[in-house]
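Colleague: got a structure for you, letters missing:
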């Protein structure tokens with residue numbers, strides 16, 4: 001008669017890592033024993049897992065689906081249909097971390113603090129974050145036991161994608177969170193018009209910017225460091241478009257400050273150049289009577305496109321960019337300069353008395369005679385002169401020294417006589433200045 005096998009070793013319950021190899025072992029005494037392994041999926045019903053074998057070991061891969069299964073072995077003697085069962089053993093599988101809280105997409109401002117968070121169930125968990133864009137991987141954080149990742153957002157990170165990898169330290173198995181997007185906003189200003197605009201006196205210049213930000217945008221234009229206000233010159237000082245009309249002085253730094261919920265930004269400086277402001281000044285008369293000339297003050301000359309000279313109110317000579325004009329006759333001279341296509345105010349009158357020149361008398365100008373003069377020089381005011389205001393007559397030599405000056409009130413006869421009997425021969429410059437402007 002055959003004896004039943006005697007179980008000497010039952011399988012032991014095990015806890016293993018997911019997808020690792022697991023082996024259950026049993027042992028029994030007998031003449032010719034066979035081992036058949038069975039498993040229960042948790043419903044109390046065992047199903048055969050292996051065929052009868054002389055090997056007491058059962059080795060397989062511990063997939064996640066087998067977590068919680070029970071295992072036993074039935075040992076039989078060859079030739080005997082009745083077998084002996086071992087005690088049951090349970091297989092516990094360490095699963096990848098179970099994520100219970102996914103990170104959320106965020107929209108923040110440049111230079112503000114942002115925190116991504118993920119949470120999971122597991123043992124000895126560590127977290128590290130990765131970020132990338134459409135071109136691929138960019139960087140990652142150090143591993144940490146904290147589920148939070150906090151940093152200061154930069155505008156360069158706008159559109160970055162973030163993902164958290166959570167690792168169970170016991171089995172080095174991991175789970176990955178959902179991928180979320182970081183949107184970083186910043187108040188930004190871009191100039192739409194050229195940064196340097198030239199206008200003539202009385203013209204309008206328009207400066208425009210494009211601004212972006214979060215929430216309502218506020219605007220404030222400044223000129224040379226001072227906030228501008230809407231008035232007869234400035235319009236739109238709290239908008240993206242500034243109009244400047246009738247400015248009488250240049251503005252070297254026009255800026256637009258824009259503020260939104262994401263801070264402030266300032267435009268690149270604009271410059272407004274205003275031409276046609278200064279009045280050219282005739283400052284020099286050369287001393288050679290045969291080649292006498294007038295010249296415009298050097299500080300005014302730069303950038304002038306054209307000098308138009310007038311004699312006794314009539315166009316006399318155009319010297320182009322040359323600020324010097326050669327005289328061919330005596331009389332009352334003025335000059336009009338054009339700079340950056342803007343016509344400047346006409347200069348003050350310069351009355352020239354030159355020996356050897358023929359005098360030209362006109363009723364609507366300042367007439368000087370006789371010319372040349374020996375004793376008495378007469379100045380006769382034309383009808384366009386306002387003689388009711390106090391006037392000053394100045395006579396200078398070729399070195400710029402005043403040799404005669406006198407004030408006059410209410411020239412009812414429009415004439416002034418100057419005794420020149422004691423003057424040296426040469427060239428003199430005569431100027432009448434209205435003291436009332």
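Modeller: That came through, no problem. Please read all numbers here as calculations on a predicted model, not as lab measurements. Numbering: from 1, shown residues only.
Colleague: Show me how this protein divides into domains.
Modeller: Domain assignment for the chain by automatic domain parsing gives 6-94, 98-185, 188-274, 282-434.
Colleague: Compile these into CSV and extend it with columns for mean neighbour count and mean pLDDT.
Modeller: Heads up, the C-betas are built off the backbone N, CA and C, glycines and all. Shown next, in CSV, are the domains of the chain (neighbours: other CB atoms under 10 Å; pLDDT from 0 to 100):
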stretch, mean neighbour count, mean pLDDT
domain 6-94, 16, 93
domain 98-185, 15, 94
domain 188-274, 16, 92
domain 282-434, 16, 72
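Colleague: What lies in contact with stretch 24-39?
Modeller: Residues from elsewhere that reach stretch 24-39 (CB atoms under 8 Å, 6 or more residues apart in numbering): 2-12, 14, 46-58, 69-79, 83-84, 86, 89.
Colleague: Now with 7 Å, please.
Modeller: Stretch 24-39 is contacted from outside by 5-11, 46-58, 69-78, 84, 86, 89, using CB atoms under 7 Å, 6 or more residues apart in numbering.
Colleague: gap between that stretch and the chain center?
Modeller: What separates the centre of stretch 24-39 from the centre of its chain is 80 Å, taken as CA atoms, centre = their mean, to the nearest Å.
Colleague: Over to stretch 105-113?
Modeller: 19 Å.
Colleague: List the contacts of residue 273.
Modeller: 196, 198, 250.
Colleague: actually residue 91, not the one I typed
Modeller: Residues near residue 91 by CB under 7 Å, 6+ apart: 14, 22, 62, 66, 69, 71.
Colleague: The same query, at a cut-off of 10 Å, please.
Modeller: Counting by CB atoms under 10 Å, 6 or more residues apart in numbering, residue 91 makes contact with 11, 13-16, 22, 24, 39, 60, 62, 66-71.
Colleague: Could you find the closest non-adjacent residue to residue 193?
Modeller: Once flanking residues are discounted, residue 193 sits nearest to residue 208: 4.9 Å by CB to CB, 6 or more residues apart in numbering.
Colleague: The one you found pairs with what?
Modeller: Here residue 208 sits in beta bridges with residue 241, going by DSSP bridges.
Colleague: what about it, distance to residue 417?
Modeller: To residue 417, residue 208 is 62 Å away according to CB to CB, to the nearest Å.
Colleague: what do you get for residue 68?
Modeller: 130 Å.
Colleague: Check residue 72 too.
Modeller: As judged by CB to CB, residue 72 and residue 417 stand 144 Å apart.
Colleague: and what of residue 168?
Modeller: 116 Å.
Colleague: would residue 65 count as being in a strand?
Modeller: No. Residue 65 is assigned helix when assessed by DSSP: H, G, I helix; E, B strand; the rest coil, not a strand.
Colleague: residues touching it, list them.
Modeller: Counted by CB under 10 Å, 6+ apart, residue 65 has contacts 18, 41, 93.
Colleague: likewise residue 217?
Modeller: 187, 189, 211, 239-240, 258-261, 265.
Colleague: out of these, what pair is the most spread apart?
Modeller: Farthest-apart pair in the contacts of residue 217 is 239 and 261; separation 18.9 Å (CB to CB).
Colleague: beta partners for residue 255?
Modeller: Residues in a beta bridge with residue 255, per DSSP bridges, are residue 222.
Colleague: let me redo that: residue 163
Modeller: In this entry, residue 163 is beta-bridged to residue 130, by DSSP bridges.
Colleague: got it, and residue 376?
Modeller: In this entry, residue 376 is beta-bridged to residue 419, by DSSP bridges.
Colleague: My read is that it contacts residue 415, right?
Modeller: No. Assessed by CB atoms under 10 Å, residue 376 is found out of contact with residue 415, at 11.1 Å.
Colleague: thinking again about what came up before, from the contacts of residue 217, which is closest to residue 228?
Modeller: Nearest to residue 228 among the contacts of residue 217, with distances taken as CB to CB, is residue 239, at 11.4 Å.
Colleague: Show the contacting residues for the closest one.
Modeller: Residue 239 is in contact with 208-209, 217, 219-221, 230, 256, counting by CB under 10 Å, 6+ apart.
Colleague: Tell me the spacing between it and residue 245.
Modeller: According to CB to CB, residue 239 stands 15 Å off from residue 245.
Colleague: coming back round to it: could you dump the contacts of residue 65 into JSON lines and include distance to residue 368 and secondary structure?
Modeller: Below are the contacts of residue 65 laid out as JSON lines (distance: CB to CB, whole Å; DSSP: H, G, I helix; E, B strand; the rest coil):
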{"residue": "18", "distance to residue 368": "114", "secondary structure": "coil"}
{"residue": "41", "distance to residue 368": "127", "secondary structure": "coil"}
{"residue": "93", "distance to residue 368": "119", "secondary structure": "strand"}
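Colleague: Of these, which is the nearest to residue 100?
Modeller: So of these, ranked by how close each gets to residue 100 (CB to CB), first place is residue 18, at 18.3 Å.
Colleague: Contact partners for residue 216?
Modeller: Counted by CB under 10 Å, 6+ apart, residue 216 has contacts 259-261.
Colleague: export those to JSON lines and tack on distance to residue 128 and secondary structure?
Modeller: Below are the contacts of residue 216 laid out as JSON lines (distance: CB to CB, whole Å; three-state DSSP):
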{"residue": "259", "distance to residue 128": "38", "secondary structure": "strand"}
{"residue": "260", "distance to residue 128": "34", "secondary structure": "strand"}
{"residue": "261", "distance to residue 128": "32", "secondary structure": "coil"}
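Colleague: From these, pick the one nearest residue 320.
Modeller: Closest approach between those and residue 320, by CB to CB: residue 259, at 50.4 Å.
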